[in-house]
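Colleague: No sequence on hand, only this structure:
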């Protein structure tokens with residue numbers, strides 16, 4: 001096959017055209033070829049580190065005129081009326097008959113005043129080159145070599161303009177000859193080529209429209225002849241060579257209906273592979289073990305190769321397949337629509353009718369499937385069919401309704417295989433198909449076939465099923481809903497590719513990157529050919545709001561891809577964020593491709609200076625608090641404070657809090673030893689959990705004083721001890737059992753905040769704070785109510801200002817007294833991620849919690865003061 005058909009053949013079998021072997025592989029590679037009796041040239045794929053879209057060539061179905069031998073009868077007349085031409089360009093694809101070396105006339109244009117008004121002639125020289133000469137107004141250019149007489153298809157263009165008589169001849173996209181002065185005998189410009197003449201293909205006119213001679217006739221094949229009344233640029237000639245028709249100033253466009261063909265000229269319709277900008281492809285010479293380049297349109301042998309991991313996945317999918325989907329599709333179609341074996345060599349040649357029937361049956365089976373989850377072999381078979389349909393060529397005269405229906409079926413099948421329940425299936429063939437971006441590329445190909453549907457009366461087409469849709473105006477757009485692709489798109493590679501673009505001021509720690517929007521694809525068309533242009537787009541975020549303590553950083557990214565099976569990679573090249581809102585992001589890119597927005601989730605961190613300040617304040621505050629708690633604990637034990645529920649609860653709370661703060665002060669020293677760090681983390685978890693549990697007991701004790709509780713003091717104390725120490729032991733034990741490997745954070749001796757382990761502390765703490773807040777509100781209400789009644793009884797005639805003052809103090813006193821033991825200052829921890837100020841407030845309130853307890857429950861506690869006074873009196877006595 002030619003290079004492009006060979007590449008397509010391999011791609012449809014989930015393989016790749018063989019890459020050029022490395023230097024160390026040449027000997028074994030040559031031996032392998034010899035063992036399979038492969039001689040001569042072999043197509044290769046070039047290794048290229050730069051990602052690019054595949055060199056894809058479309059099949060062009062056109063009528064070809066076959067002039068089998070040189071005769072004086074065979075010709076074709078152009079029926080179009082020609083205006084006067086001050087400038088002209090004529091282009092065609094030509095296959096030269098190498099059997100004759102006589103002069104041949106490709107075309108001749110005659111007007112009554114001049115028989116040789118505009119003519120192109122050629123012959124094969126002794127060196128095997130075809131030489132062309134251009135004739136204008138009877139003036140003859142020299143014969144110049146333009147392409148080799150090798151029997152292959154070649155593209156040529158000839159151009160002339162009256163200004164200076166400038167002319168040029170192009171062959172296979174390259175200018176082979178150019179000069180000025182053709183038919184410009186003097187300073188005055190030559191006249192334009194006359195209008196209303198006769199244009200004959202294959203013969204030289206010796207009279208207007210007739211008198212042909214055999215020795216000057218053309219022998220060979222010709223197709224795609226177009227004539228413009230202007231000189232085309234080199235870029236436009238390259239487009240024409242690639243089968244793109246430029247409509248502007250077109251005088252004659254190639255069509256069977258615009259030709260009068262003599263009966264002995266054979267007219268055939270053939271699938272013509274359009275050349276492209278890359279005209280030479282890499283080949284391996286099996287005999288010499290060397291490399292060379294040859295025209296890509298030649299038919300050469302080739303080898304398709306699978307990567308080993310992809311091959312084994314294909315084998316596994318084939319062996320494990322129950323072939324239920326393939327069987328149902330083929331049974332419903334009453335023929336073999338999908339091969340049962342993914343390695344089958346025979347791939348059915350598609351046309352529009354066959355493709356429409358195949359997708360109709362497939363969509364019906366997928367839509368009515370009892371279990372919507374596909375098997376791996378089913379997914380590969382569906383993708384193989386989609387690959388075939390995406391390269392179907394639409395022939396002239398085919399019904400546009402069929403084409404539009406094909407688009408609907410294509411999008412529906414795409415949407416059905418991208419359902420979320422098929423995520424695991426995509427993963428199981430991840431080495432064969434690198435993610436669902438393969439479908440994006442296939443849809444992009446398919447959309448290009450919808451061009452005939454656009455007319456002056458219908459400038460927009462939209463096809464949508466579920467999360468997938470196509471929209472084409474002059475710009476073609478695709479969108480793939482967030483739920484279709486978000487679980488299958490590259491993860492680790494995405495993170496690695498985009499991590500460098502995250503904020504790096506030391507205040508943010510990268511955690512993960514996630515696809516936060518739908519994926520869209522846009523391309524601008526000019527003369528039915530894609531051109532790149534700048535794009536502005538806005539995408540709605542489709543991810544949940546990050547948890548507290550986390551934030552997100554918006555990246556405008558585009559997804560590049562190597563081939564439908566290669567997955568792709570993310571790149572920020574040429575794109576920037578215009579505006580970023582919590583629910584959407586607007587971006588600008590200087591090129592067209594596939595677009596999405598990634599959200600980088602990061603942990604809020606401080607700068608090194610802020611971290612040092614916070615650590616210093618924490619160490620000082622914890623040190624002061626620890627000393628105050630120890631002194632308070634010693635006072636409760638030494639001065640003989642009368643035993644009661646309240647003092648017992650206070651002592652347990654003080655002990656747990658003092659132990660936790662002592663561990664916290666020296667936890668940084670344990671980071672270097674993993675085992676010690678793990679032990680410190682578990683003890684910190686236990687004692688902080690115990691401290692909060694005893695804060696809960698403080699609240700329960702307070703509730704029992706406000707609301708009558710029918711429980712004896714002994715039973716209450718057992719319940720308090722069970723809550724204060726038993727509950728923390730259970731929580732820590734369960735957490736260690738279920739999350740042993742994820743228990744400790746990477747950078748600190750504390751619980752891992754990047755997993756659910758942190759909720760083993762945060763969850764109970766939030767519950768305790770909620771209970772204690774309710775208790776405090778209840779206590780304040782009771783205290784205020786009692787103060788109001790007492791004020792009315794003792795001072796009934798007091799002023800309003802005095803009563804308000806009494807009520808304010810009655811409200812403030814329990815709050816000030818109970819805040820430290822109920823732990824409500826920890827509520828500020830929820831606000832720490834908002835600002836550094838809240839971090840300072842949090843540290844100040846909680847680092848000094850021990851000092852606060854010392855002042856309220858030791859220095860200003862009447863029981864402690866009375867006990868100290870009794871000791872003084874006893875000592876004095």
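Modeller: Nice, thanks for sending it over. Only a predicted model underlies this, so the values are computations on that prediction, with no experimental measurement involved.
Colleague: Mind giving me the packing neighbours of the helix or strand encompassing residue 767?
Modeller: In this assignment (DSSP states H and E), residue 767 forms part of helix 759-794. The elements that helix 759-794 packs onto, with contact taken as 3 or more CB pairs under 8 Å, 6 or more residues apart in numbering; DSSP states H and E, are helix 674-706, helix 727-738, helix 800-822. Any C-beta I mention is one placed from the backbone N, CA and C, and that applies to glycine too.
Colleague: relative orientation of that helix and helix 674-706 in degrees?
Modeller: For helix 759-794 against helix 674-706, the angle by axes from the mean of the first three to the mean of the last three CA atoms, to 10 degrees is 30 degrees.
Colleague: Helix 759-794 vs helix 727-738, what angle?
Modeller: Going by the same axes, to 10 degrees, helix 759-794 makes 160 degrees with helix 727-738.
Colleague: domain parsing for this protein?
Modeller: 3-53+279-305, 58-274, 307-476, 618-808 (the TED database).
Colleague: where does the stretch 701-850 of the chain have low pLDDT?
Modeller: Residues of the stretch 701-850 of the chain that meet the criterion pLDDT under 70 lie in 706-712, 787, 789-835, 847-848.
Colleague: roughly how far out does the helix or strand encompassing residue 446 sit from the chain middle?
Modeller: In this structure, residue 446 sits in helix 437-448 according to DSSP H and E. Averaged C-alpha coordinates place helix 437-448 at 14 Å from its chain's average position (CA atoms, centre = their mean, to the nearest Å).
Colleague: Tell me how many other residues crowd the residue nearest to residue 746 when sequence neighbours are not counted.
Modeller: Using CB to CB, 6 or more residues apart in numbering and skipping the chain neighbours, the partner closest in space to residue 746 is residue 752 (7.7 Å). Per other CB atoms under 10 Å, the neighbour tally for residue 752 reads 17.
Colleague: Spit out the contact partners of residue 202.
Modeller: Residue 202 makes contacts with 65, 67, 74, 75, 76, 105, 106, 107, 217, 218, 222, 265, as judged by CB atoms under 8 Å, 6 or more residues apart in numbering.
Colleague: pLDDT score for it?
Modeller: Here the pLDDT value assigned to residue 202 is 90.
Colleague: Could you give the backbone dihedrals for it?
Modeller: For residue 202, the backbone dihedrals are phi 100, psi 0 (criterion: degrees, to the nearest 10).
Colleague: ok, it to residue 136 distance?
Modeller: According to CB to CB, to the nearest Å, residue 202 stands 20 Å off from residue 136.
Colleague: for residue 637, same thing?
Modeller: Computed with CB to CB, the distance linking residue 637 and residue 136 is 119 Å.
Colleague: For these two, indicate the residue with more neighbours.
Modeller: Using other CB under 10 Å as the criterion, residue 637 and residue 136 rank with residue 136 on top: 25 against 10.
Colleague: hang on, the more buried one packs against residue 167?
Modeller: Yes. Judged on CB atoms under 8 Å, residue 136 makes contact with residue 167 at a distance of 7.2 Å.
Colleague: who touches both of the two?
Modeller: Each of 160, 182 lies in contact with both residue 136 and residue 167 under the rule CB under 8 Å, 6+ apart.
Colleague: Could I get the full set of strands for the stretch 551-700 of the chain?
Modeller: Taking DSSP state E, counting those that start in this stretch, the strands of the stretch 551-700 of the chain run over residues 569-571, 575-580, 584-589, 594-604.
Colleague: err, the stretch 101-250 of the chain, not the other one
Modeller: All strands of the stretch 101-250 of the chain, identified by DSSP E, counting those that start in this stretch, fall at 104-111, 114-124, 129-136, 139-140, 144-148, 153-161, 166-171, 174-179, 198-201, 220-228, 250-252.
Colleague: For those, give me TSV that also has distance to residue 785.
Modeller: Shown next, in TSV, are those (distance: least, CB to CB, whole Å):
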stretch	distance to residue 785
strand 104-111	110
strand 114-124	110
strand 129-136	110
strand 139-140	117
strand 144-148	106
strand 153-161	99
strand 166-171	101
strand 174-179	99
strand 198-201	109
strand 220-228	98
strand 250-252	95
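Colleague: now the end-to-end length of stretch 657-672.
Modeller: Distance across stretch 657-672, first residue to last, is 25 Å (CA to CA, to the nearest Å).
Colleague: Next: stretch 739-759.
Modeller: Terminal residues of stretch 739-759 lie 12 Å apart, using CA to CA.
Colleague: chain center to that stretch: distance?
Modeller: Counting by CA atoms, centre = their mean, stretch 739-759 is centred 31 Å from the centre of its parent chain.
Colleague: In it, which residues are buried?
Modeller: 739, 743, 744, 745, 749, 750, 751, 752, 753, 757, 758 (16 or more other CB atoms under 10 Å).
Colleague: Surely the fifth one touches residue 672?
Modeller: Think residue 749. No. Contact criterion CB under 8 Å: residue 749 and residue 672 do not qualify, at 10.2 Å.
Colleague: Quick check: mean pLDDT of stretch 862-877?
Modeller: 78.
Colleague: Contacts for that stretch, please.
Modeller: 635, 636, 639, 640, 641, 642, 647, 857, 858, 859.
Colleague: Buried residues, it. List them.
Modeller: Buried residues in stretch 862-877 (16+ other CB under 10 Å): 863, 864, 867, 868.
Colleague: Could I have the buried ones of the contacts of stretch 862-877 as ChimeraX selection syntax?
Modeller: To isolate the buried ones among the contacts of stretch 862-877 in ChimeraX, judged by 16+ other CB under 10 Å, type:
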select :635,636,639,641,647,857,858
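Colleague: Next, format the contacts of stretch 862-877 as TSV and append distance to residue 694.
Modeller: TSV is the format used below for the contacts of stretch 862-877 (distance: CB to CB, whole Å):
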residue	distance to residue 694
635	18
636	14
639	21
640	22
641	17
642	20
647	13
857	13
858	17
859	21
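Colleague: Out of the contacts of stretch 862-877, the closest to residue 318 would be?
Modeller: residue 857 (76.0 Å; CB to CB).
Colleague: This completes my enquiry, with thanks.
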